[in-house]
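Colleague: Sequence first, predicted model second:
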Amino acid sequence: MKAIEKNLKITPGFAGRLTRLLSAIVLCAASHANFAADFYCDPVKGTANGDGSAQRPWRTIEEVLKAKLVQLADKDGRVSNPAAPVKSGDTIFLRSGWHGVIRIPTGFNSDWITICAEAGHRPQVGFVDIGQGRKWRLRGLTISPSLAPNPLEKPPKNLVSLGEHGDEASAELVIEDCFIFTSLDTTGWSAKDWIEKTYSGIWLGRHGQGHVARNNYVLNTRFGINLCAPQVICEGNVVANFSADGIRVTRDGQVVQYNVIKNVFVGSQDGDDNHDDGIQAFLFNRGRGTLRDVVVRGNLIVARENDRLPWPNGLQGIGFFDGPLVHFTVEENVVLVNHYHGVSLYDAQGCTIRSNACFSRWSDRAKPWVMLGQKIRQAQGNIVRDNMAHSFSFKADSEVQAANNQTVTEAIFREKMTNLLAVIENKFGKLHPVANRPRLELEWPASTAPGVKK
């Protein structure tokens, strides 16, 4: 402290108080560090009689939950099993192997409980269902019923469901860096299989707010990601190979950004009556009604990476047909589809559509546009600027402020796609950390763009 007193000209009395303050901060930090604990599950070397330490791990996360080794509180903070060793703030590391399923009907934490893969490990679970709760984080898991040693009894239709039950007290349920799929091998699947055999990927449920789906790879599903609670974030995900919609936006304040959505399968000609969209918006449980303050930014939507994929179908890009849509921001998205609807907002009010690029590489298919449409004659006061598409239509809004919207060219579209892919890869990685797959493998001749094969 003498050096501090000399250099900073601090009086001895103040130096004493400063010393006590710094000591208190150090003790507080140490106390916080000691409060959080780490536990381990190892399906190969663990035992049900372990203590959860790295040396004596438990066996599976399903057994841990069934044995009530994790403290679970209701929304008022009442803990049903206060003697359980795992509590708010703790982390459960999962090692490689089959861990059963993660089913938590109720669990409201005062601090985050994280269930994640230990570094270098690839834990597997059949599905995840957190009915209601707060501050749960799931990271680095491989999730599929197809991995179970024996068939699971009645898996839910959504492989990950967060916040579907209870009331609005749920918040901050997070799924990130996970690999989620119905099956890895779809060779020989019929159109009926793509409709009926597939599970859907992530369901951020109807209750609570602030849930997050981040950097997941969702493969071979019916619907990719359904966003059903307000203020949720869906970012950095890959939705690959789906037979219905890639991402659904259904509540106020949702943010959908920097996702890759690619490869749609089967359509009406195959017995599927769903009108497939890369990203669709409508009011949950109503179909039509007011949605507000949604952001859709920097998403890359590709109808088909190559023309050898089976069960071809048209994919609408960003199709928001059922409003009113109030104060939406739709910007910097790149849409490569075989349908007229590149970016379409119906009954939009005070929305901004900016710097999007829409293109079709299929000469015999419909050419995507940017459109302001309407079903109930309520489109007004929108801004549409700096977009590129094959055509534009803003006649539904007599007050529209439209500027610098240009006819797209292949060269400029390729540049836009290359730049956006680079942004996404910089934020979330070129390869997905668990699926170990690239975000885009587009076959489009005469291209040198990253992720695009010649």
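Modeller: Cool, the structure landed. Numbering: from 1, shown residues only.

Colleague: Quick one: name whatever helix or strand follows the strand ranked longest in the chain.
Modeller: With DSSP state E setting the assignment, residue counts place strand 102-117 as the longest strand in the chain. For strand 102-117, the following helix or strand on the C-terminal side (DSSP states H and E) is strand 123-125.

Colleague: before we move on, back to that, and the longest strand of the chain, what's buried?
Modeller: Within strand 102-117, the residues scored as buried using 16 or more other C-beta atoms under 10 Å are 102-104, 106-109, 112-117. In this view, the C-beta of every residue, glycine as well, is placed from N, C-alpha and C.

Colleague: tell me the contacts of the residue nearest to residue 112 when sequence neighbours are not counted?
Modeller: Nearest in space to residue 112, with sequence neighbours left out and distances taken as C-beta to C-beta, 6 or more residues apart in numbering, is residue 135 at 4.7 Å. The neighbourhood of residue 135, defined by C-beta atoms under 8 Å, 6 or more residues apart in numbering, consists of 88, 108-113, 171-172.

Colleague: Give me the pLDDT value at residue 135.
Modeller: The model reports residue 135 with a pLDDT of 98.

Colleague: Angles on the backbone of it, please.
Modeller: Here the main-chain torsion angles of residue 135 (degrees, to the nearest 10) amount to phi 60, psi 60.

Colleague: would you list every one of the strands in the stretch 351-454 of the chain?
Modeller: Counting by DSSP state E, counting those that start in this stretch, the stretch 351-454 of the chain has these strands, from start to end: 352-354, 357-359, 369-373, 383-385, 388-389, 391-393, 401-403, 406-407, 442-443, 452-453.

Colleague: on contacts alone, who are the packing partners of the third one?
Modeller: Secondary structure elements in contact with strand 369-373, counted by 3 or more C-beta pairs under 8 Å, 6 or more residues apart in numbering; DSSP states H and E, are strand 341-346, strand 391-393.

Colleague: one step back: separation between the residue nearest to residue 112 and residue 260?
Modeller: Taking C-beta to C-beta, to the nearest Å as the measure, residue 135 and residue 260 are separated by 28 Å.

Colleague: On the three-state scheme, residue 322 is what?
Modeller: Residue 322 carries the three-state label coil when classified by DSSP: H, G, I helix; E, B strand; the rest coil.

Colleague: what's the spacing between it and residue 373?
Modeller: Separation of residue 322 from residue 373 (C-beta to C-beta): 11 Å.

Colleague: shared neighbours of the two, which are they?
Modeller: With contacts taken as C-beta under 8 Å, 6+ apart, the residues that reach both residue 322 and residue 373 are 346-347.

Colleague: all helices of the stretch 151-300 of the chain, in order?
Modeller: Here the stretch 151-300 of the chain has its helices, by DSSP state H, counting those that start in this stretch, at 191-192.

Colleague: which stretches of it have low pLDDT?
Modeller: Regions of the stretch 151-300 of the chain meeting the criterion pLDDT under 70 are absent.

Colleague: Swap in 90 and give it another go.
Modeller: Under the criterion pLDDT under 90, the flagged ranges of the stretch 151-300 of the chain are 153-154, 206-207, 273, 275, 284-288.

Colleague: check contacts around residue 111.
Modeller: 36, 88-89, 135 are the contacts of residue 111 under C-beta under 8 Å, 6+ apart.

Colleague: give me that answer again for 10 Å
Modeller: 32, 35-36, 87-90, 134-135 (C-beta atoms under 10 Å, 6 or more residues apart in numbering).

Colleague: What residues does residue 211 make contact with?
Modeller: Applying C-beta under 10 Å, 6+ apart as the definition, the contact partners of residue 211 turn out to be 130, 136, 162-163, 170-175, 202-205, 227-234, 254.

Colleague: Let me know how buried the closest residue to residue 433 other than its chain neighbours is, in neighbour terms.
Modeller: When the adjacent residues along the chain are set aside, residue 433 lies closest to residue 177, with 5.4 Å between them (C-beta to C-beta, 6+ apart). Residue 177 is flanked by 21 other residues according to other C-beta atoms under 10 Å.

Colleague: Stretch 152-160: which residues count as buried?
Modeller: Those buried within stretch 152-160 under the rule 16+ other C-beta under 10 Å are 155-156, 158-160.

Colleague: Residue 219: which of those residues is nearest?
Modeller: When the buried residues of stretch 152-160 are ranked by distance to residue 219 (C-beta to C-beta), residue 159 comes first, at 10.4 Å.

Colleague: any idea how far the closest one lies from residue 146?
Modeller: Residue 159 sits 10 Å away from residue 146, going by C-beta to C-beta.

Colleague: Spit out the residues that contact those two alike.
Modeller: Listed contacts common to residue 159 and residue 146 are 126, 181-182, 199; contacts here mean C-beta under 10 Å, 6+ apart.

Colleague: Out of these, which is nearest to residue 357?
Modeller: Nearest to residue 357, judged by C-beta to C-beta, of those is residue 181 at 29.5 Å.

Colleague: pretty sure the closest one contacts residue 202?
Modeller: No. Counting by C-beta atoms under 10 Å, residue 181 does not reach residue 202; the two are 11.6 Å apart.

Colleague: before we move on, the earlier item: just name the closest of the buried residues of stretch 152-160 to residue 63, please.
Modeller: Proximity of the buried residues of stretch 152-160 to residue 63 was ranked by C-beta to C-beta; the top entry is residue 155 with 18.5 Å.
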